[in-house]
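1. Starting from these lines, generate the structure:
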Amino acid sequence: MCLGYYQAETTWEEAQERFRGSARVAIADRWRQAQGVAEAVSAPPPTRLLDVGCSGGFSTRQMADTFPGVRATGLDLSPYYLATAKSTYPDLEFTHGLAEATGFESGLFDVVTFNFLLHELPREVSIEALREAYRVLAPGGVIAVLDVDPMRLLELPPFRRWAFQVTEPWCKDGEYYALNVGEELQKLGFVDVVSTSNDPVNSLVLAMKTKVS
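-> Model (predicted):
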């Protein structure tokens with residue numbers, strides 16, 4: 001999938017690492033900034049991380065590698081994906097549940113991540129999932145949303161956009177195209193919201209839950 005992101009000749013493994021590595025570095029930097037320290041080595045590491053919509057566990061592995069030693073939990077609605085995740089990554093935790101109603105206690109996680117989930121959901125469900133992320137995130141915690149940049153999709157030639165939408169029913173007007181993740185995070189109470197281009201195709205939105213004064 002990532003080979004098409006870059007013009008230079010590269011292997012799929014190199015493209016994957018470039019793409020995922022960019023996200024890992026940005027998330028780690030945002031965590032450091034949220035802790036108010038200048039050097040990454042001085043930042044207290046997060047204790048618990050929740051990867052929402054973990055699928056077969058690959059994204060949870062990548063997010064766990066961002067913070068060595070973190071207790072990482074992947075959440076997904078599909079028992080089939082979860083069975084694969086548990087078999088492939090036995091050192092990580094995986095649980096069955098809804099993105100918009102996880103069942104976890106409030107303030108349990110230091111970091112909450114969404115990897116290519118929101119474009120798979122109706123707009124209102126995406127907003128509810130982000131609201132739930134705010135609830136389960138600890139004060140001073142960080143949220144990271146990595147997903148397809150809807151502006152890039154809208155720039156595609158009509159046939160290519162149609163071919164993409166055939167398998168992505170919520171990537172359409174009024175749904176994913178109308179979802180501004182940064183604005184929704186601000187409405188929910190997140191602060192220091194920043195949206196960046198992770199790579200030529202995908203955007204990464206980072207924000208923090210306000211610390212308790």
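2. buried residues in the lowest-mean-pLDDT helix or strand in the chain?
-> Taking mean pLDDT, DSSP states H and E as the measure, helix 158-165 is the helix or strand of the chain with the lowest mean score, a mean of 80. Counting neighbours by 16 or more other CB atoms under 10 Å, one finds that helix 158-165 has no buried residues. Where you see a C-beta, it was placed from the backbone N, CA and C, and this is true even at glycine.
3. Could you name the helices and strands sitting against the helix ranked longest in the chain?
-> For the chain, the helix with the greatest residue count under DSSP state H is helix 12-34. Using 3 or more CB pairs under 8 Å, 6 or more residues apart in numbering; DSSP states H and E as the contact test, the elements touching helix 12-34 are helix 58-66, strand 109-115, strand 137-148, strand 190-197, strand 202-209.
4. how does it look with 6 Å?
-> Contact here means 3 or more CB pairs under 6 Å, 6 or more residues apart in numbering; DSSP states H and E; on that basis helix 12-34 packs against helix 58-66, strand 137-148, strand 202-209.
5. Could you dump the ones you listed into JSON lines with mean neighbour count, distance to residue 184 and mean pLDDT added?
-> Written out in JSON lines, the entries for the helices and strands packed on helix 12-34 read as follows (neighbours: other CB atoms under 10 Å; distance: least, CB to CB, whole Å; pLDDT from 0 to 100):
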{"stretch": "helix 58-66", "mean neighbour count": "22", "distance to residue 184": "21", "mean pLDDT": "96"}
{"stretch": "strand 137-148", "mean neighbour count": "22", "distance to residue 184": "10", "mean pLDDT": "96"}
{"stretch": "strand 202-209", "mean neighbour count": "23", "distance to residue 184": "9", "mean pLDDT": "96"}
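6. So which of those is nearest residue 32?
-> strand 137-148 (9.7 Å; CB to CB).
7. Follow the chain on from the closest one and name the next helix or strand.
-> Proceeding C-terminally, strand 137-148 gives way to helix 150-155 as the next helix or strand, assigned by DSSP states H and E.
8. buried sites along that next one?
-> Residues 150, 153 are the ones in helix 150-155 that count as buried (16+ other CB under 10 Å).
9. so which of the helices and strands packed on helix 12-34 gets nearest residue 179?
-> Among the helices and strands packed on helix 12-34, strand 137-148 comes nearest to residue 179, with 9.3 Å by CB to CB.
10. Also compute the angle for that closest one relative to strand 109-115, please.
-> With axes from the mean of the first three to the mean of the last three CA atoms, to 10 degrees defining the directions, strand 137-148 sits at 10 degrees from strand 109-115.
11. Parallel or antiparallel, list what pairs with strand 137-148.
-> The partner list of strand 137-148 in its sheet, established with DSSP bridges, is strand 109-115 (parallel), strand 202-209 (antiparallel).
12. Fine by me, we can end here.
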